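Visitor: below: sequence and its predicted model.
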Amino acid sequence: MSLGTIEVPDLSPQTMRFGVVVFPGSNCDHDAWYAASANLGQQAEFLWHDERSLRQVDAVILPGGFSYGDYLRCGAIAKFSPVMQSVKDFAQSGGLVAGFCNGFQILVESGLLPGALLRNASMKFVCGQPMVSVETVNSPFTCAAKIGQRLQLPVAHGEGNYTADERTLDRLEAEDRIVVRYTAGVNGSARNIAGILSAERNVMGMMPHPERACDPLMGSVDGRVIFESILTTLATPARSAA
Amino acid sequence: MNFTGEVLATHRINLDEYAKITEILGREPNFTELGIFSVMWSEHCSYKSSKIHLKKLPTESARVLQGPGENAGVIDIGQGWAIAFKIESHNHPSFIEPFQGAATGVGGILRDIFTMGARPIAVMDAIRFGRLDDPKTGARNRRIVEGVVSGISHYGNCFGVPTVGGETAFESCYDGNPLVNVFALGVFRHDEVFYGRATGVGNPVIYVGAKTGRDGVHGATMASGEFTEESKHKRPNVQVGDPFTEKLLLEACLEAMKTGAIVGIQDMGAAGLTSSSCEMGSRAGTGVEIDLDLVPQRETGLTAYEMMLSESQERMLLVAERGREEEIFAVFRKWGLDAVRIGTVTADGLLRVSHLGQVVAEIPNGPLADDAPLYDRPHAVPAYRTAPMQGPVFSSTDLLGDLKKLLASSDLCSKHWIWDQYDYQVRTNTLTIPERAEAAVVRIKETGTSVAMSLDGNGRYCYLDPYEGTMLIIAECCRNLSTVGALPVAATNNLNFGNPERPEIMRQLVDSLRGMGDGCRAFETPITGGNASLYNETLGEGIFPTPVMGIVGLLPTEKPVGIQFPRAGLEVILLGGLGSSDHQRFGGTQYAKVVLDTLWGLPPALDVEYEKRVQAAIREVVRAGLAESAHDLSDGGLGVALAESSFGGVGASVKLETPLVPEFALFHEGPSRILLSTARLPEIAAIAAKHDVPATRLGETIDGRLKIDGLFDCEIEELNRTWRNAFEEMLHAG
């Protein structure tokens, strides 16, 4: 996965290391890598699905795409991959794991997040640039944002219709675990949910693609705040004790 | 003779061709060999009706690294980097099975790109269908639209290539014969280019990718005949695509190429194993020996004939350096794909195929791949057209109503229903949003360069005059590119025509190619490859001659200018002026189609030298950052362009000072005109003067309304709603 001559900003010693998991069929792996390295100036490396090692990365990104062809159900096969065992262990020990799009679907299938992602209500794939609002800043993924902040984040998915039973939804609300909500209907998601947190708040899944909104040329830089929040969290000394 | 006339007829081999085959072999062919010849010598693979005319097209420039003849053309983009691109049709399969037909159309052209070593970074589609509201065929046409769009969406999205733009048109002539033309573009370094050549006697021939099944047997011959009632039963001839396997094949091929152990590679597209083996041998002047027993098979009992003609998708044939096979096998194992040695490069120049211990075919590669008979089919007949030269006398009582009709028409309404289903941003290189810029712009991250691309066709113009129509298409594509500030550099063509055995159709093809040659020479955009799809006829009814051009341009990477007016208080300029039209040159317009429901006369007149000056001026204006918006005038003329530029909510108040009657002033489609908004008129005027073209001030941008002095004044939102919702309403009518 060499990138030829892409210029990556100089790395200072404080940079964080992002691990981007590559499943067969991942296709936003490169975009997440580029956002973390070229746009945010951090280190980023690819983690192969068939290997157990997470190579001591500081945070793990499960990228978008169609892991294992998304046969059976989106993310249903990816959960059995060797790397996901390590990702679960990493999450259980408090490591930060963010899943975007297919990554969210994998987290749900793996049981790291509750609920399920159904076919879009329109029954069609949807690509667009909707607005989401930040619903909580009490999370490692949004702590650099403001509550209620509007972010324009690209979406591109066929199965992003978040669903869960009413009790789970109520609990997500009560525990302040809804990270971002669409400001208008996009895919039929229950309560317009676009992204959620795990109970321990260190695992997040969202259907939008913040990695596509980190470069001014792409039309929005609103995704940077997600990465910046992760960096802020990782740089906080208290975290290493947690 | 070994075969009855009926067997030869189903293989579309005529008696002269059979005699030539016998001469090449020094004996009569067996059934497998007849099948092999029939696909390689099909119109689809051999270009036998078009080749002598295609040879007259310009194919060279300082930037062209690879012209026609390989899997895709290659253009230098500087700093050691290059792009590969091509367009290809999947018309016949898309009619028989719209979803899979379109999906495998995308799959096929993507393989053409990455078999060269380039990573695909953009796809565009030019798709044409029958009328959605036709009482007899409308329901089927709507179903075909939905199938084709979801097929493109399914394959491109999963593969991970952005579908960044395209065009959609509707005419009765595409009722039984939709057109699905797919363009793909990839990027790589000069030293990463691979060719389909079986060099090095003794080198292993390796089969990689999906297993071989019976699907697609005779797809190429099917695409080389007219459609009849019987064709509907040819569904088994349509291949089934798996974009996930293709994605793995992409990654595995690019990784295997980096080992340095691959000497040649070609995808198994039309005519699958047959074309890849004999073409690679022919290009290298070598023989290729393959053992079909070693080919990974999806089902049991496949005959040699079926395996050689199968068009199962997501397969490649490659030739490796002897002794280094394991390096390649390791990469394909990593990606979970089959990679099997099935043969060897030989010195005897023969394609030798064995199956179950027997040699089942032995044919010289060169004659098989390159010596298909070429036909100079008769075309010395009067131009074919039933449209009159003069149209009805008309005058409008409701110009605003006419504009609304145009904005709600199938060709001009928003196609967001389509592109909302395409991931146009994956790989984070797409700098434009469909319908918001004149051309799609994709950046190359590794250099400071972006590539702009535009697809265009116009069956109505080309029907009225194939020569002028084709020139207009090229001018339009180049104008689209220039309007985003890009310099057009190279082109690919997709020739969609009827049955070339009919002299009047052949004349359309010959005239169109003459226009293409003159146009591409004038705009300095050599043809680097493409595709000919002939026999686009159903039950004797031919399509309009529909050449589709894909032209690429280069520009420095920066946020491209959009088509929408960004704010009130800017001056509205028409670079190139209000233009002119007469009654005869108005007959091919969208106004004639939508409002008057007829077709007559000639396409709009094009002055090539003037067009080039306008394009040079707009490139200079845009590159200097002087335009706040820029939108070229094409289908629907100035009226539609003004509306489209207003759909961000900022409209305009303009006055048209022209001797033209209002219908012509608003809706004629004369080329060489670009609508701009700017805060820097004097500088634009200076650039325009330098290029000796007018920069006519029409008025200024205003909030929320579109006012045309003396004609109408309306709310933008009303027009926008009509334009945005029309397509879905048409699809879901009935």
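Guide: Right, received. Where do you want to start?
Visitor: and residue B:641, that's in a helix?
Guide: Yes. Secondary structure of residue B:641 (DSSP: H, G, I helix; E, B strand; the rest coil): part of a helix.
Visitor: let me know how buried it is, in neighbour terms.
Guide: 21 (other Cβ atoms under 10 Å in any protein chain shown). Yep, even glycine has a C-beta here, placed from its N, CA and C like the rest.
Visitor: OK, contacts around it?
Guide: B:631, B:632, B:633, B:634, B:675 (Cβ atoms under 8 Å, 6 or more residues apart in numbering or on different chains).
Visitor: at 6 Å instead, please
Guide: Residue B:641 makes contact with B:631, B:633, B:675, according to Cβ atoms under 6 Å, 6 or more residues apart in numbering or on different chains.
Visitor: now swap in residue A:189 and tell me
Guide: A:161, A:162.
Visitor: for chain B, which residues score under the pLDDT cut-off?
Guide: Counting by pLDDT under 70, the ranges of chain B that qualify are B:218-237, B:734.
Visitor: tell me the residue of it that sits nearest chain A?
Guide: Among the residues of chain B, residue B:160 lies nearest to chain A; the distance is 2.7 Å by Cβ to the nearest Cβ.
Visitor: pretty sure that residue contacts residue B:428?
Guide: No. Look at residue B:160 against residue B:428 with Cβ atoms under 6 Å: they stay out of range, at 11.5 Å.
Visitor: determine the number of other residues adjacent to residue 137.
Guide: You didn't say which chain, so I picked chain A. 17.
Visitor: correction: the question concerned chain B.
Guide: Neighbours of residue B:137 (other Cβ under 10 Å): 18.
Visitor: once you drop chain neighbours, what's closest to it?
Guide: Spatial nearest neighbour of residue B:137, chain neighbours left out: residue B:175 (4.7 Å); criterion: Cβ to Cβ, 6 or more residues apart in numbering or on different chains.
Visitor: how many residues are close by the one you found?
Guide: 22.
Visitor: again, but for residue B:462
Guide: Residue B:462: 28 surrounding residues under other Cβ under 10 Å.
Visitor: hmm, it is touching residue B:469, no?
Guide: Yes. In this structure residue B:462 lies within contact range of residue B:469 using Cβ under 6 Å: 3.4 Å.
Visitor: that older thread, how about a markdown table for the contacts of residue B:641, with neighbour count added?
Guide: As requested, the contacts of residue B:641 are exported to a markdown table (neighbours: other Cβ atoms under 10 Å in any protein chain shown):
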| residue | neighbour count |
| --- | --- |
| B:631 | 25 |
| B:633 | 26 |
| B:675 | 26 |
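Visitor: which ones among those are found in strands?
Guide: The members of the contacts of residue B:641 that map onto strands under DSSP state E are B:631, B:675.
Visitor: tell me which of the contacts of residue B:641 is nearest to residue A:143?
Guide: residue B:631 (43.0 Å; Cβ to Cβ).
Visitor: contacting residues around that closest one?
Guide: B:563, B:641, B:645, B:675.
Visitor: residues contacting the first one?
Guide: Yep, that's residue B:563 we're talking about. Under the criterion of Cβ under 6 Å, 6+ apart, the contact list for residue B:563 reads B:629, B:631, B:645.
Visitor: who's the second one bridged to?
Guide: Partner residues in beta bridges with residue B:631: residue B:675, with DSSP bridges as the criterion.
Visitor: which positions in the stretch 51-200 of chain B make contact with chain A?
Guide: B:153, B:157, B:158, B:160 (Cβ under 6 Å from any Cβ of the partner chain).
Visitor: residue A:65 is in contact with the third one, correct?
Guide: No. Contact criterion Cβ under 6 Å: residue B:158 and residue A:65 do not qualify, at 8.2 Å.
Visitor: show me which of the residues of the stretch 51-200 of chain B next to chain A is closest to residue A:235.
Guide: residue B:160 (32.6 Å).
Visitor: mind listing what the nearest residue to that closest one once chain neighbours are set aside touches?
Guide: Among residues not flanking residue B:160 along the chain, residue A:27 sits closest, at 2.7 Å (Cβ to Cβ, 6+ apart). Contact analysis of residue A:27 by Cβ under 6 Å, 6+ apart lists A:65, B:160, B:426.
Visitor: one more: residue B:523?
Guide: B:474, B:478, B:488.
Visitor: and it, how close does it get to residue B:61?
Guide: Using Cβ to Cβ, to the nearest Å, one gets 11 Å for the distance from residue B:523 to residue B:61.
Visitor: helix/strand/coil for residue A:176?
Guide: Relying on three-state DSSP, one would call residue A:176 coil.
Visitor: would you map the helices across the stretch 351-500 of chain B?
Guide: Taking DSSP state H, counting those that start in this stretch as the criterion, the stretch 351-500 of chain B carries its helices at B:365-370, B:399-407, B:416-419, B:459-464, B:466-483.
Visitor: how about TSV for those, with distance to chain A added?
Guide: Shown next, in TSV, are the helices of the stretch 351-500 of chain B (distance: least, Cβ to the nearest Cβ, whole Å):
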stretch	distance to chain A
helix B:365-370	34
helix B:399-407	22
helix B:416-419	7
helix B:459-464	28
helix B:466-483	19
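Visitor: so which of these is the most packed in?
Guide: helix B:466-483 (a mean of 28; mean count of other Cβ atoms under 10 Å in any protein chain shown).
Visitor: export it as PDB, just CAs?
Guide: Below are the C-alpha coordinates for helix B:466-483, written out as PDB (Å, rounded to 0.1, in the frame of the first residue of the first chain):
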ATOM      1  CA  PRO B 466     -23.400  13.100 -38.500                       C
ATOM      2  CA  TYR B 467     -20.300  15.100 -39.500                       C
ATOM      3  CA  GLU B 468     -21.400  18.400 -37.900                       C
ATOM      4  CA  GLY B 469     -23.000  16.700 -34.900                       C
ATOM      5  CA  THR B 470     -19.800  14.900 -34.000                       C
ATOM      6  CA  MET B 471     -17.800  18.000 -34.300                       C
ATOM      7  CA  LEU B 472     -20.300  19.700 -32.000                       C
ATOM      8  CA  ILE B 473     -19.900  16.900 -29.400                       C
ATOM      9  CA  ILE B 474     -16.200  17.300 -29.400                       C
ATOM     10  CA  ALA B 475     -16.500  21.100 -29.100                       C
ATOM     11  CA  GLU B 476     -18.900  20.700 -26.200                       C
ATOM     12  CA  CYS B 477     -16.700  18.200 -24.300                       C
ATOM     13  CA  CYS B 478     -13.700  20.500 -24.700                       C
ATOM     14  CA  ARG B 479     -15.800  23.500 -23.700                       C
ATOM     15  CA  ASN B 480     -16.900  21.700 -20.500                       C
ATOM     16  CA  LEU B 481     -13.300  21.100 -19.700                       C
ATOM     17  CA  SER B 482     -12.200  24.600 -20.500                       C
ATOM     18  CA  THR B 483     -15.000  26.000 -18.400                       C
END
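Visitor: no more questions from me, cheers.
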